[in-house]
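> Predicted structure and sequence below. I'll ask about it afterward.
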Amino acid sequence: MNEDKKNKTSEKENVKKIINVDELKEKKSLKDSNLEKKIKVKSVDKETSSEKKQLTEAKTKSEKKIEPSVKSKENKSKSKVKSSVDTKKENSNLSSVNNKNSRGSNNNKGQSEENEFLEKLVSINRVAKVVKGGRRFSFAALVVVGDGNGLVGHGKGKAKEVPEAIKKATDEAKVNMIRVPLRQARTLHHDIAGRYDAGKVYLRSAPSGTGVIAGGPMRAVFEALGIKDIVAKSVGSSNPHNMIRATFDALKSASSPKLISIRRGLKVNEITKRRKVSNTITESAQDA
């Protein structure tokens, strides 16, 4: 009996030992598995942390790259705006300078034109207009304008004040200018006669040194035209308006060898030869 009990107890102890060993093994296996899990988790954490670091580094790099690019873009845009503003200012300054220059040139042209033309005031007359309340007075001016080299014109103006009337007359005279051919830039090529209403005018060419022999209104026309030697006679009306219009009628009919040669299809020498022959014939007839 005792042996049986001993055997049973020994078996029980063996069984307990086996169970304990199994438990130890299980515990070890559990510990190992837990360690592996922990190691895996740590590795995963390390990987995630490394990935996070890489991502953060990439982000910082990209931000650093973007910031200068954005700054450069902003700087470029600012520079473009500044350049556009500068160019606009320069263009405005240039346009203002050009406008000033153009105005100055236009003013200079106007002044030069005014200086080129000779203005002769022929007559000024006070005119009255009768109305219900009484008389309204105004002034009528007659002006002759010329460049002293074959261009001449006349005009009349009426206004309440004298300067304004003269200005109107000069403007009209500059519009109605005619070209008169001159011989040697001093006299007419031939004798002319002109007429306007009751005013009759005779103009004769003269040799050098004769001077301007003419009445007041006609003298103003010849001086503005640039004639230095002429003999003129007014027959009939002595009204300055009629006299000047008669002289302009005569000057419009003035001609020259060049114009006649163009009209007839000849050379200028042929016409001048004929003139010389006719002059010699007339001189010989006068001597006889």
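Thanks, I have the structure now. Numbering: from 1, shown residues only.
> residues contacting Ala206?
Contact analysis of Ala206 by CB atoms under 8 Å, 6 or more residues apart in numbering lists 187, 213, 229-231. All C-beta atoms are positioned from the backbone trio N, CA, C, and that covers glycine.
> ok, now with 7 Å
Taking CB atoms under 7 Å, 6 or more residues apart in numbering, we find Ala206 in contact with 187, 229-231.
> measure it to Val235 for me?
Separation of Ala206 from Val235 (CB to CB, to the nearest Å): 18 Å.
> ditto for Tyr202
7 Å.
> just Arg195 next, same as before
With CB to CB as the criterion, Arg195 and Val235 are 9 Å apart.
> Equivalent analysis for Arg126, please.
Separation of Arg126 from Val235 (CB to CB): 28 Å.
> If you count surrounding residues, which of the two has more?
Val235 (13 against 9; other CB atoms under 10 Å).
> The more buried one reaches Lys200, doesn't it?
Yes - using CB atoms under 7 Å, Val235 is in contact with Lys200, at 4.4 Å.
> Would you agree Ile227 falls within a helix?
No - Ile227: not assigned to a helix; according to DSSP: H, G, I helix; E, B strand; the rest coil it is coil.
> Can you give me the neighbour number for it?
Neighbours around Ile227, by other CB under 10 Å: 28.
> and the closest residue to it other than its chain neighbours, bridged to which residues?
Closest residue in space to Ile227, ignoring its immediate chain neighbours: Thr187 at 6.1 Å, by CB to CB, 6 or more residues apart in numbering. Applying DSSP bridges to Thr187 gives these bridge partners: Arg183.
> Could you do Ala193 as well?
Going by DSSP bridges, Ala193 is paired in beta bridges with Tyr202.
> Pull the contacting residues for it.
Counting by CB under 7 Å, 6+ apart, Ala193 makes contact with 201-202, 250.
> what about 10 Å?
200-204, 233, 235, 246, 249-250, 253 (CB atoms under 10 Å, 6 or more residues apart in numbering).
> Filter those residues down to the buried ones and hand me the PyMOL line.
Per 16 or more other CB atoms under 10 Å, the buried members of the contacts of Ala193 correspond to this PyMOL selection:
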select buried, resi 200+201+203+204+246+249+250
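> how many other residues sit next to Ser255?
Ser255 - counted by other CB under 10 Å - has 14 other residues nearby.
> That one contacts Arg179, correct?
No - Ser255 is beyond contact range of Arg179, at 11.9 Å (criterion: CB atoms under 10 Å).
> Excluding covalently adjacent residues, which one is nearest to Leu266?
With CB to CB, 6+ apart as the measure, Ile260 is the residue that lies nearest to Leu266, at 7.8 Å, once sequence neighbours are left out.
> burial count for the nearest residue to Lys160 once chain neighbours are set aside?
Setting aside the residues directly before and after it, Lys160 is nearest to Ser138 in space (CB to CB, 6+ apart), at 5.2 Å. Neighbourhood size, Ser138 [other CB under 10 Å]: 16.
> so who does Arg136 touch?
Residues in contact with Arg136 (CB under 10 Å, 6+ apart) are 127-130, 160.
> Taking these, tell me the two that lie furthest apart.
The largest separation in those, counting by CB to CB, is between Val130 and Lys160 at 15.7 Å.
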